[in-house]
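1. Output the structure for:
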Amino acid sequence: MLQRSNIKIVDIEPSYQPSLCIVVDAEEDFDWSKGFSRDATSVVSMAEQYRAQEIFAKYGAVPTYVVDYCIVNQKSSTAVVKEFFDQGLCDIGAQLHPWVNPPFEEEVNHFNSYHGNLPFKLEREKIKHLTEKIIEVFDYNPTVFKAGRYGVGKNTGKILKELGYKIDCSVVPYLNESSEDGPNFLGLPDSPYWFGEEHDLLEIPLSRVFFGKSRAIGPVLAPLIESAFGKRLAFQGIFSKLGMFEICTLTPEGRSEKDLLALLRTKVNDGHKIISLTYHSSSLGINGSPYVKCEEDRTLFLRTLDRILDVFVNELGGRIIPITKLYDEFKK
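-> Predicted coordinates for the structure are as follows:
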């Protein structure tokens with residue numbers, strides 16, 4: 001799946017309207033600083049998702065909740081998603097957190113938290129188990145997949161194809177986590193592309209861009225910035241402080257509204273037609289994620305989310321589209 005060969009960039013007509021899809025990582029609340037535990041399965045924050053849905057309703061937006069096993073295995077959280085889904089207010093995809101997703105055969109540790117590091121059979125069984133649980137609970141076959149921790153591996157694409165998935169949204173352009181046992185996305189496109197032996201799986205990467213006065217050299221320096229040496233010396237922060245460039249992902253988590261709108265305008269002005277907005281469901285709860293610690297944080301988070309959608313639709317002339325519809329649009 002991480003092969004730089006055997007991919008085909010989606011050919012999008014210049015007249016194609018800029019389109020934004022929303023992917024919500026619907027998952028358990030847990031303290032990200034404490035490592036991984038099979039017992040960290042709280043889904044309290046799911047009850048707060050209506051706050052974002054109220055914003056989506058203003059723009060006719062239909063997000064895709066990529067649900068992990070903790071969400072789909074507990075009635076309180078499935079009730080939330082099912083209510084939105086039954087009303088046509090959301091789509092459903094799958095997200096794998098291997099440490100809380102059966103079968104439980106592997107040791108819980110950092111290496112195994114990237115499911116692409118697992119043996120083929122075990123990775124397949126975990127994704128299969130999750131998929132079957134989603135079908136059981138929602139009577140719906142998911143076609144969108146996202147790897148928890150973006151942890152795809154060499155076998156993930158083959159597994160997704162076997163299980164009927166059509167779209168993956170795990171790739172983070174310019175990111176290299178290989179020094180931490182994670183995936184290396186350097187060299188992969190930052191726009192949609194087909195992958196797989198028959199070019200019939202669609203990748204919708206996260207929207208990530210370099211911006212600033214020297215942003216053109218950002219992609220060139222990305223391998224250095226993302227190397228173990230570059231991370232140790234905090235090269236990314238140094239380039240930012242020098243006013244040269246910085247990299248930003250389109251998420252209201254941990255970034256200022258100013259940076260996110262700069263990203264949005266840069267992507268559209270550069271001719272990118274597909275924009276991906278993402279965040280974790282846990283960020284709508286207080287202390288559900290590192291990004292929202294109090295009510296003031298949540299208010300700012302929601303205001304930023306609203307502002308992103310407002311600028312995209314009303315200033316940049318874009319539309320908001322469910323990610324599930326992109327496959328058929330591009331496959332025509």
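
2. quick one: Tyr114 from Arg215, how far?
-> Counting by C-beta to C-beta, to the nearest Å, the gap from Tyr114 to Arg215 is 29 Å. The C-beta positions use only the backbone N, C-alpha and C, and glycine is treated the same way.

3. who's more crowded, the two?
-> The neighbour comparison of Tyr114 against Arg215 (other C-beta atoms under 10 Å) goes to Tyr114, with 21 against 16.

4. Can you list the residue ranges for strands in the stretch 151-300 of the chain?
-> 167-168, 193-195, 201-203, 208-211, 246-249, 274-280 (DSSP state E, counting those that start in this stretch).

5. remind me, longest helix of this structure?
-> Using DSSP state H to define each element, the chain has its longest helix at helix 120-138.

6. chain center to the helix or strand that comes right after it: distance?
-> The helix or strand immediately downstream of helix 120-138 is strand 144-147, counting by DSSP states H and E. Taking the mean of its C-alpha atoms, strand 144-147 sits 8 Å from the chain's own mean (C-alpha atoms, centre = their mean, to the nearest Å).

7. Over to stretch 67-81?
-> Chain-centre distance of stretch 67-81: 18 Å, with C-alpha atoms, centre = their mean.

8. And stretch 209-229, by the same measure?
-> 21 Å.

9. Need the residues that contact that stretch.
-> By C-beta atoms under 8 Å, 6 or more residues apart in numbering, the residues outside stretch 209-229 that reach it are 174-176, 179, 186, 190, 230-231, 235-236, 239-240, 243-248, 259, 262-263, 266-267, 270.

10. Return the set of residues that bridge with Val23.
-> Thr64, Thr278 (DSSP bridges).

11. neighbours of it, just the number please.
-> 25.

12. same question, Gly237
-> Neighbours of Gly237 using other C-beta under 10 Å come to 11.

13. From Arg215, how far off is it?
-> Relative to Arg215, and taking C-beta to C-beta, Gly237 is found at 16 Å.

14. per-residue pLDDT, Phe56?
-> At Phe56, the predicted lDDT confidence score is 98.

15. ok, the closest residue to Val81 other than its chain neighbours to Glu27 distance?
-> Computed as C-beta to C-beta, 6 or more residues apart in numbering, the closest residue to Val81 that is not its neighbour in sequence is Tyr65, at 5.4 Å. From Tyr65 across to Glu27, the span is 10 Å (C-beta to C-beta).

16. Quick check: neighbours shared by the two?
-> Common contact partners of Tyr65 and Glu27 (C-beta under 8 Å, 6+ apart): Ile71, Ser281.

17. Count the residues that sit near Lys58.
-> Count around Lys58 with other C-beta under 10 Å applied: 11.

18. so it sits right up against Leu302, yeah?
-> No - with contact defined as C-beta atoms under 8 Å, Lys58 does not count as touching Leu302 (11.7 Å).

19. show me where pLDDT drops low in the stretch 201-332 of the chain?
-> The stretch 201-332 of the chain contains residues with pLDDT under 70 at 332.

20. Could you rerun that using 90?
-> The stretch 201-332 of the chain contains residues with pLDDT under 90 at 210-216, 218-246, 331-332.

21. tell me the average confidence for stretch 120-137?
-> Mean pLDDT, stretch 120-137: 98.

22. ok so, going back, next, the contact list for the residue nearest to Val81, please.
-> Contacts of Tyr65 (C-beta under 8 Å, 6+ apart): Val24, Ala26, Ile71, Val81, Phe84, Cys90, Asp91, Ile92, Gly93, Ser281.

23. residues in contact with the first one?
-> Contacts here follow C-beta under 8 Å, 6+ apart; on that basis Val24 touches Gln49, Ala52, Pro63, Thr64, Tyr65, Val66, Thr278, Tyr279, His280, Ser281.

24. was I right about Phe138 contacting Ala79?
-> No - between Phe138 and Ala79 there is no contact under C-beta under 8 Å: 11.3 Å.

25. If you count surrounding residues, which of those two has more?
-> Counted by other C-beta under 10 Å, Phe138 and Ala79 do not tie: Phe138 has more neighbours, with 17 against 11.

26. residues touching that one, list them.
-> Val72, Thr78, Val81, Lys82, Phe85, Ile92.

27. Kindly recompute the last result at 10 Å.
-> Going by C-beta atoms under 10 Å, 6 or more residues apart in numbering, Phe138 touches Val67, Val72, Thr78, Val81, Lys82, Phe85, Asp86, Ile92.
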